[in-house]
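Asks: pasting a predicted model and its sequence here:
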Amino acid sequence: MDKKNLDDYLAGLGISEGDEAPPVTQAAPGSAALPEADAPAGTPLSVLEAFMQGVIEHLDDDLAFTVRDSGEALEAEITGERAAKLAGRDGKALGAIEVLAYAVLAKQVGRSDVRVRVDAGGFKRRQADNLGKLAERLAVQVAKSGESHELQPMTPAERRVIHVALKDHSLVTTESVGEGAGRHLVIKPRTDHP
């Protein structure tokens, strides 16, 4: 898709270059925060469905998608013969789609607290499985050696997979250290185990 078509599509969604998320008022815990001026344009799920429909139409008509609310995040799964190619080698295209979806939700629904996850061809699911296996292997190594292990910088989502995989581990614990793009995990022996 060329820049003009993408700009036209984003303008149709109410987003233009230089736009920021709408101001959101603080709401009482458990209630939805609404923008100061306008009422919501729809539910977060319906807005994400409309956004994903537009993405699919602009990328490849042979792709399909499903959207669901997992309770923790809104999740979109892109399927089809060429879905895995959309993810690419490192999933950066999926990350870009997530950022755009988040911006659309903030703009159209006034919700900047909704997490969005987009997967294509099971890329992120396989990546999470691989990270979980890596976490277990490193936990065994750290527990055996008694020495901490620093991992390479990772995205917040990747760090979260490892944190969750090892949160109940009896012999090791995890900690995120560093700032920005250099933020990474350290797996270290528990000092509080029996």
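Replies: Everything's here; your move. Residues are numbered from 1 along each chain as shown.

Asks: and for residue 144, the neighbour number?
Replies: 10 (other C-beta atoms under 10 Å). For the C-beta atoms, the positions are set from N, CA and C on the backbone; glycine is no exception.

Asks: what's the helix or strand for it?
Replies: Element membership for residue 144 (DSSP states H and E) is helix 123-145.

Asks: which outside residues touch stretch 162-179?
Replies: 131-132, 134-136, 139, 142-143, 150-151, 153-154, 159, 183-190, 193 (C-beta atoms under 8 Å, 6 or more residues apart in numbering).

Asks: I'd guessed residue 118 sits against residue 97; true?
Replies: Yes: using C-beta atoms under 8 Å, residue 118 makes contact with residue 97 at a distance of 4.8 Å.

Asks: who has more neighbours, these two?
Replies: residue 118 (29 against 20).

Asks: that one in helix, strand or coil?
Replies: Under DSSP: H, G, I helix; E, B strand; the rest coil, residue 118 falls in the strand class.

Asks: which residues does it contact?
Replies: Going by C-beta under 8 Å, 6+ apart, residue 118 touches 52, 75, 76, 77, 78, 94, 97, 98, 101.

Asks: how about 6 Å then?
Replies: By C-beta atoms under 6 Å, 6 or more residues apart in numbering, the contact set of residue 118 is 76, 94, 97, 98.

Asks: now it: how far from residue 150?
Replies: 29 Å (C-beta to C-beta, to the nearest Å).

Asks: what does residue 93 give?
Replies: Counting by C-beta to C-beta, the gap from residue 93 to residue 150 is 29 Å.

Asks: now residue 192
Replies: 21 Å.

Asks: okay, those two: which has more neighbours?
Replies: residue 150 (12 against 6).

Asks: that one reaches residue 187, doesn't it?
Replies: No: the criterion here is C-beta atoms under 6 Å, and residue 150 misses it with residue 187 at 8.2 Å.

Asks: list the helices and strands the helix holding residue 144 packs on?
Replies: If contacts are counted by 3 or more C-beta pairs under 6 Å, 6 or more residues apart in numbering; DSSP states H and E, helix 123-145 sits against helix 156-166, strand 172-177, strand 184-189.

Asks: residue 45: which of these is closest?
Replies: Nearest of these to residue 45, taken as C-beta to C-beta: helix 156-166 at 20.5 Å.

Asks: which parts of stretch 76-90 are buried?
Replies: Residues of stretch 76-90 classed as buried by neighbour count (16 or more other C-beta atoms under 10 Å): 76, 77, 78, 80, 83, 86, 87.

Asks: ok, and what's touching it?
Replies: 52, 62-67, 93-94, 118-121, 123.

Asks: contacts for stretch 138-148 next, please.
Replies: 149, 166, 169, 171, 172, 186, 187, 188, 189.

Asks: hmm, try it at 8 Å
Replies: Residues contacting stretch 138-148 (C-beta under 8 Å, 6+ apart): 149, 151, 166, 169, 171, 172, 186, 187, 188, 189.

Asks: out of the residues you listed, who's the most crowded?
Replies: residue 187 (23 neighbours).
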